[in-house]
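# I would like the atomic coordinates for the input below:
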Amino acid sequence: MRGPPQILLDYRPVRIGWVLEGRSLEQLTTAASWNSCLWGGCFNPIIPSDDTELSNYLIPTFGVDVLIAVTTSEATKTFVAQYPHLQMHLWRHPLFNDRRCEFADIRHAVGRAAVQSTRNVLPSVVQPLWSQDDPLAMLLSVLFGRYPERNDVGINYLKGIRTFLEMEDKPIVRDGELPAMIATSITPINLTSFNLSWRRDFRDDFWLSPGIIFGKATDFDDLVLFWNLRAAGAKVWFYDPAEQSNRLRSSLEAFLAALREAPQGGTNHPNHHLNLWCRSMEKLPQWMSELDLSGFALGHCVAGAHDWNGRNIRPGRPKFSFWHRDVVPSYAENDEGAVVSFALPDRPFDPDDPSSLGQRFVVTVEASPFGRVTDDWTFNTPYLPRLNNFYSEQLRFGFKEVRSELGHYGRGAIGIITTVGDQRMELRAISVHEWMQNFFGLFSVNVKRSEPGLRCARLIQQLDGIQGCRVLKVRGARKLIKDYGPDQNFTRDAAERRIGNVNPATNSPQFSEFEDLYIERRKGGKLKPFHVFRYLVSHSVFRVGLEFTCPNCKLESWIQLDDVKTFSSCIYCGHRFDVTPQLKDRDWRYRRSGLFGRDDHQLGGVPVGLALQQLDTCLGDGLRMYSTALEFEPQSAAIKKCD
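Reported below is the predicted structural model:
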């Protein structure tokens with residue numbers, strides 16, 4: 001790593017995956033009430049631990065940061081233990097402790113909403129009320145959210161919200177029809193998305209289009225489907241056509257009317273798109289005929305686990321603001337690596353509220369290096385959630401709080417779970433080789449640096465990085481290195497003729513194909529052989545010295561410039577003699593130096609360096625991370641030892 005990286009910051013809620021056991025509707029409604037208290041709670045998915053296939057899709061597709069069981073049991077402990085990279089050991093369970101919430105809660109959103117309500121730009125906020133013996137009680141909890149009792153969590157959220165916002169109680173009569181206006185009002189669960197934004201991929205237009213979930217109001221799978229589609233960012237409404245159509249029809253019609261009034265997609269999309277979700281297509285035509293779906297382009301979706309495979313439904317990642325922050329870090333570098341530190345500006349929290357200072361949120365850090373990429377240290381973090389613990393150890397001194405995620409341009413970034421009270425952050429660079437070890441370790445393969453790999457790394461470093469290997473594109477430069485052995489010396493004129501590929505018959509160089517090659521800054525003009533030779537000498541590929549004849553043994557010996565003295569010793573017989581009589585009209589003589597001074601063709605390092613340089617040039621964003629030759633040895637993988 002050379003020079004400080006560019007740091008882009010985003011702030012977002014911690015995305016919690018709520019683990020439910022035994023298809024419990026009671027646990028589902030508990031999760032709904034807890035999410036009603038969290039800023040961004042409506043975007044937290046429900047993870048049914050009994051459905052292994054669905055859970056294995058939901059967790060990576062949603063990019064879950066932390067798995068929390070609604071009810072702690074041996075079964076949920078075993079399930080969470082399968083995901084060690086999604087555990088957090090520095091927060092106290094349960095979610096609410098000592099009259100405070102462990103994560104950024106709804107009070108921060110309410111403070112912002114209160115400002116907008118004074119400007120009359122906030123729609124009505126309602127508090128739906130229903131009796132617990134209502135047949136729709138489970139659905140209503142999932143549909144609207146509800147605030148838990150103060151005795152259950154130690155915080156009176158409803159009273160606190162009403163201190164800042166006007167909230168109208170909207171009773172729902174048992175066995176009565178849901179008020180139509182409630183479909184377009186801000187309910188407790190909707191309030192959790194206030195002032196949050198997220199980017200939508202154009203490929204998500206179909207799967208995350210507005211929709212209706214046809215299902216049974218007391219069916220666990222139907223309610224989980226509804227919750228997770230809404231958590232993914234889709235605007236959806238629930239409808240039970242078989243048993244509760246008379247109670248849900250008005251609210252559904254209001255939901256559809258609001259969609260019709262929304263701006264349309266232009267001439268290419270004259271109708272609004274509406275997805276019809278159900279787990280069985282058998283009765284869907286009948287249910288559709290009972291509804292007025294005019295004005296919509298309909299899509300039929302049979303809900304299944306594979307819809308959550310990451311290629312169909314692509315959940316958005318909510319953020320506290322749409323724009324990112326470009327910060328200037330402090331930077332230090334030594335033999336042990338590099339460290340950057342930076343402030344956290346414009347955090348969306350009230351700094352005067354001491355009760356929220358310990359609440360957690362996520363700082364997304366995307367580091368883009370300036371200058372050349374090296375194979376020793378890096379701040380690049382490829383997107384691999386299974387390396388969360390490795391990133392934590394490398395970047396944050398071992399705290400299990402770092403999460404791998406995707407940045408703005410599909411590159412790897414990291415999300416750091418921190419507290420509202422933190423105003424500054426420090427990150428250490430990652431060891432590239434240790435990253436390689438941990439990456440291949442995921443596939444039960446051990447890796448270590450081989451001798452050719454170490455030589456090639458030194459060759460690249462000696463030439464000033466990957467792009468410095470560009471000089472080796474010159475055929476004459478490679479020929480010069482190859483033709484003269486480590487104990488042979490040559491003059492500058494001989495070197496430039498060899499680099500220029502001078503034709504002995506015509507005494508003219510054949511160098512035109514390299515004249516436009518850039519190897520370092522020069523004052524205009526074309527590249528010449530002497531430019532190439534000067535670059536090689538300045539990067540210690542060749543050493544300069546003088547050749548003398550020993551008056552005692554009569555043998556010629558080459559002495560490096562730094563070792564030339566008035567009285568020098570012969571390297572063959574040890575005789576000391578005065579060199580000054582031999583200095584008249586003496587040409588400087590050059591020899592291969594350092595890594596190039598070995599008679600082993602650099603163990604193939606030259607073509608590897610050229611290949612890496614070409615990759616770095618051709619890839620639009622350049623190499624993010626690389627390593628030269630590695631030795632692979634299987635732990636349990638079905639491979640043979642190789643390199």
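# Please make it C-alpha for all contacts and neighbour counts, starting now.
Will do.
# Return the residue of this protein that is most distant from the centre.
Asn552 (69.4 Å; Cα atoms, centre = their mean).
# Now name the helix or strand holding that one.
Using DSSP states H and E, Asn552 sits in no helix or strand.
# Backbone dihedrals for it, please?
phi -90, psi -60 (degrees, to the nearest 10).
# in the protein, which helix or strand is least confident?
Among the helices and strands of the chain, strand 96-97 carries the lowest confidence by mean pLDDT, DSSP states H and E, at a mean of 74.
# chain center to the helix or strand that it is followed by, what's the gap?
Next along the chain after strand 96-97, taking DSSP H and E as the criterion, comes strand 100-101. Distance, stretch centre to chain centre, for strand 100-101: 29 Å (Cα atoms, centre = their mean, to the nearest Å).
# Could you pull out the buried residues of the lengthiest helix in the chain?
Using DSSP state H, we find that the single longest helix of the chain is helix 245-261. When burial is assessed from 16 or more other Cα atoms under 10 Å, helix 245-261 yields the following buried residues: 247-256, 259-260.
# can you name the two of those that are farthest apart?
Arg247 and Arg260 (21.9 Å; Cα to Cα).
# could you pull out the strands for the stretch 451-600 of the chain?
In the stretch 451-600 of the chain, the strands defined using DSSP state E, counting those that start in this stretch lie at 490-491, 542-549, 556-560, 567-569, 576-578, 589-592.
# What average pLDDT does stretch 45-65 get?
Stretch 45-65 comes out with an average pLDDT of 94.
# swap that for stretch 224-235, sorry
95.
# burial count for the nearest residue to Phe238 once chain neighbours are set aside?
Nearest residue to Phe238 in three dimensions, chain neighbours excluded: Ile213, at 4.9 Å (Cα to Cα, 6 or more residues apart in numbering). Ile213: 22 surrounding residues under other Cα atoms under 10 Å.
# Quickly list what Ile213 is bridged to.
Ile213 has these beta-bridge partners by DSSP bridges: Phe238, Trp277.
# Need the pLDDT of it.
Looking at Ile213, its pLDDT stands at 95.
# ok, so what distance separates Tyr331 from Gly337?
11 Å (Cα to Cα, to the nearest Å).
# for the stretch 1-150 of the chain, what spans make up the strands?
Using DSSP E, counting those that start in this stretch, strands in the stretch 1-150 of the chain cover 6-12, 16-20, 46-48, 66-69, 96-97, 100-101, 125-129.
# Determine how far the longest one lies from the middle of the whole chain.
In other words, strand 6-12. 11 Å.
# ditto for the fifth one
Averaging C-alpha positions (Cα atoms, centre = their mean) puts strand 96-97 31 Å from its chain's average.
# That one pairs with which strands, and in what direction?
Assessed with DSSP bridges, strand 96-97 is paired to strand 100-101 (antiparallel).
# how's this structure carved up into domains?
Domain assignment for the chain, taken from automatic domain parsing, gives 6-10+320-445, 19-308, 548-590.
# And these: which comes nearest Gly453?
Closest among the domains of the chain, using Cα to Cα: domain 6-10+320-445, at 10.7 Å.
# Now do the longest helix of the chain: which elements does it pack against?
Contacts defined by 3 or more Cα pairs under 8 Å, 6 or more residues apart in numbering; DSSP states H and E place helix 245-261 against strand 236-239.
# The same query, at a cut-off of 6 Å, please.
Packing contacts for helix 245-261, counted by 3 or more Cα pairs under 6 Å, 6 or more residues apart in numbering; DSSP states H and E, involve no helix or strand.
# Can you tell me the closest non-neighbouring residue to Val532?
Val471 (6.9 Å).
# Pull up the gap between Glu26 and Ala75, please.
In terms of Cα to Cα, Glu26 sits 17 Å off from Ala75.
# With Val340 instead?
Distance from Val340 to Ala75, by Cα to Cα: 42 Å.
# Looking at these two, which one has more neighbours?
Legend: neighbour count by other Cα under 10 Å for Val340 and Ala75, higher for Val340 (19 against 16).
# where does that one land in three-state SS?
Assigned by DSSP: H, G, I helix; E, B strand; the rest coil, the conformation of Val340 is strand.
# burial of the residue nearest to Leu517 when sequence neighbours are not counted, as a residue count?
Leaving out its chain neighbours, the residue that sits closest to Leu517 by Cα to Cα, 6+ apart is Leu527, at 6.5 Å. The tally of other residues near Leu527 (other Cα under 10 Å) stands at 19.
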